[in-house]
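1. structure for this input, please:
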Amino acid sequence: MMYCLLASVQARCAGWATAVCVTAAATSLASAAAIAAPVGPAGERPAAMVQRPASSVLLGAASVGNRTVVVGERGIVMVSDDGGGQWRQVALPTSVTLTAVRFADARHVVAVGHGGTVLVSDDAGDSWTRRLDGKRLAQLALEEAQRKGDPARIRDAERLVGEGPDKPFLDVLVWDAKRFLAVGAFGIAFATEDGGQSWTSWTDRLPNPKALHLYVARGSGETVLLAGEQGLMMRSSDRGQSFQALASPYQGSWFTGEIMGQDIVLAGLRGNIWSSGDGGQKWLQIANQRPASITASLPIHNAVLLANQAGRVLRLQGGDLKELDAPPQAPLTGLVASGDHLMVLGVAGIQRLEGRAK
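-> Here you go, the predicted structure:
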């Protein structure tokens, strides 16, 4: 069975960026033995409950305290309260592939994915409510363009309506239980101030004239960092009210990154890793001997962990890059830590990773 994985942090499906097709014969779909679900559009049918959800293709994870939430293909959402020792799949009102998940606090969680989907939970991931989908997203974009009377924006919004709910969100930045920003393919960016009851398009305030894909949304205080396709980088110092383009040191795609005050790390295609200590004005390339695309990152213990498509986890600290002393995994799409446990996720599911940096 072939799974087409994006060469990106989310490793979505081919068509949104350079795709790398990875053979995962008889992995999640074959081994999961999904219980039959109603036939219909993925966005409108509930996710099937499967026998081995922890072996499915998984794309995003987050944790607070002892609770870890993981999301992936076909609307699979799992929770664990023991550092990944035991997993429990939870019901979901949609079966679209989910690409990212973030905690706002110990109770509130936000997940995003294909079909312009945004889901929220107020019980730490045990149950979920859909707050946005592609149809509503397109209609909101059209209504806003019509209010502003911008012919170009109206044409773009009418195209969104005509194409249907096919645009995925690829990352989400969560400030608190009420305020979050979802970004994705073709530069779509929608924000809410009331937990998803209402939405505002931020697309027109972004310096992204080519409508390049957005893969990375990170925040630190009032600063917002967005990055994506073809070296696209932008920064806001007023929590997204305005954005300024950053000169990119690299013209390939950024698939993941972290911002910690004035310190920024961005990574992506062909193993490129760049860091900045002044908010993105000057950049330093981090030497990396492995050219595999970097797909995920995780700040931990004054360092940043990075996962790549070669199944390796790297530790970046003070400009020094080392591999964790652990066997290579299947292509990775995410990293998450809970207590003393570090877990990796990807095409082979999720597992604890033992080992220390060399």
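2. lowest-confidence helix or strand of this protein?
-> Using mean pLDDT, DSSP states H and E, strand 19-23 stands out as the lowest-scoring helix or strand of the chain, at a mean of 31.
3. now the strands for the stretch 251-358 of the chain?
-> For the stretch 251-358 of the chain, the strands defined by DSSP state E, counting those that start in this stretch occupy 254-260, 263-268, 273-276, 284-285, 294-300, 303-308, 313-317, 320-323, 332-338, 341-346, 349-352.
4. give me the sheet partners of the fifth one and which way each runs.
-> Okay, so that is strand 294-300. Take DSSP bridges as the rule and strand 294-300 pairs in its sheet with strand 303-308 (antiparallel).
5. next one: the second one
-> Its sheet considered, strand 263-268 pairs with strand 254-260 (antiparallel), strand 273-276 (antiparallel) by DSSP bridges.
6. ok, residues contacting that strand?
-> Contacts of strand 263-268 with the rest of the structure, by Cβ atoms under 8 Å, 6 or more residues apart in numbering, involve 8, 215-216, 225, 227, 233, 250, 252-258, 273-277, 279-280, 293-294, 297, 304, 306, 316. The C-beta positions use only the backbone N, C-alpha and C, and glycine is treated the same way.
7. filter the residues you listed to the buried ones?
-> By neighbour count, with 16 or more other Cβ atoms under 10 Å, the contacts of strand 263-268 hold 8, 215-216, 225, 227, 233, 250, 252-258, 273-276, 279-280, 293-294, 297, 304, 306, 316 as buried.
8. L92 and A47 touch, don't they?
-> Yes: in this structure L92 lies within contact range of A47 using Cβ atoms under 8 Å: 4.1 Å.
9. Q281: how many residues sit nearby?
-> Applying other Cβ atoms under 10 Å, we find 11 residues neighbouring Q281.
10. ok, it to R52 distance?
-> Remark: distance between Q281 and R52 (Cβ to Cβ, to the nearest Å) = 48 Å.
11. same thing with W283?
-> Separation of W283 from R52 (Cβ to Cβ): 43 Å.
12. who has more neighbours, these two?
-> Neighbour comparison, W283 and R52: the larger count goes to W283, with 19 against 16 (by other Cβ under 10 Å).
13. list the contacts for the more buried one?
-> Neighbour list for W283: P249, W274, S275, S276 [criterion: Cβ under 8 Å, 6+ apart].
14. bridging across strands, which residues link to the second one?
-> Counting by DSSP bridges, W274 forms beta bridges with L266, Q285.
15. these two touch, right, it and Q251?
-> No: between W274 and Q251 there is no contact under Cβ under 8 Å: 11.8 Å.
16. and of the strands of the stretch 251-358 of the chain, who's closest to R107?
-> strand 332-338 (16.5 Å; Cβ to Cβ).
17. and the closest one with strand 294-300, angle?
-> Interaxial angle of strand 332-338 relative to strand 294-300 (axes from the mean of the first three to the mean of the last three Cα atoms, to 10 degrees): 10 degrees.
18. name every strand pairing with strand 332-338 and say which way it goes.
-> By DSSP bridges, strand 332-338 pairs with strand 341-346 (antiparallel).
19. identify the residue nearest D171 in space, chain neighbours excluded?
-> Nearest residue to D171, sequence neighbours excluded (Cβ to Cβ, 6 or more residues apart in numbering): A217, at 4.4 Å.
20. I'd assumed the one you found was in a strand, is it?
-> Yes: according to DSSP: H, G, I helix; E, B strand; the rest coil, A217 belongs to a strand.
21. any idea how far L173 is from it?
-> The span separating A217 from L173 equals 4 Å under the rule Cβ to Cβ.
22. now swap in E73 and tell me
-> Taken as Cβ to Cβ, the span from E73 to L173 is 23 Å.
23. now do L305
-> On the measure of Cβ to Cβ, L305 and L173 end up 19 Å apart.
24. around P299, how many other residues sit close by?
-> Using other Cβ under 10 Å, P299 has 16 neighbouring residues.
25. verify the stated contact: it with E258.
-> Yes: assessed by Cβ under 8 Å, P299 is found in contact with E258 at 5.1 Å.
26. hang on, the earlier thing: now tabulate the strands paired with strand 263-268 in a markdown table and tack on distance to F243 and mean pLDDT.
-> Formatted as a markdown table, those follow (distance: least, Cβ to Cβ, whole Å; pLDDT from 0 to 100):
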| stretch | distance to F243 | mean pLDDT |
| --- | --- | --- |
| strand 254-260 | 14 | 97 |
| strand 273-276 | 17 | 98 |
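27. in the longest helix along the chain, what counts as buried?
-> The single longest helix within the chain, with elements called by DSSP state H, is helix 134-148. Under the neighbour-count criterion of 16+ other Cβ under 10 Å, helix 134-148 has G134, K135, R136, L137, A138, L140, A141, L142, E144, A145 buried.
28. what sits against T203?
-> By Cβ under 8 Å, 6+ apart, the contact set of T203 is A141, G187, I188, A189, F190.
29. phi and psi next, for it.
-> Backbone torsions for T203, taken as degrees, to the nearest 10, come to phi -60, psi -40.
30. need the pLDDT of it.
-> Looking at T203, its pLDDT is 91.
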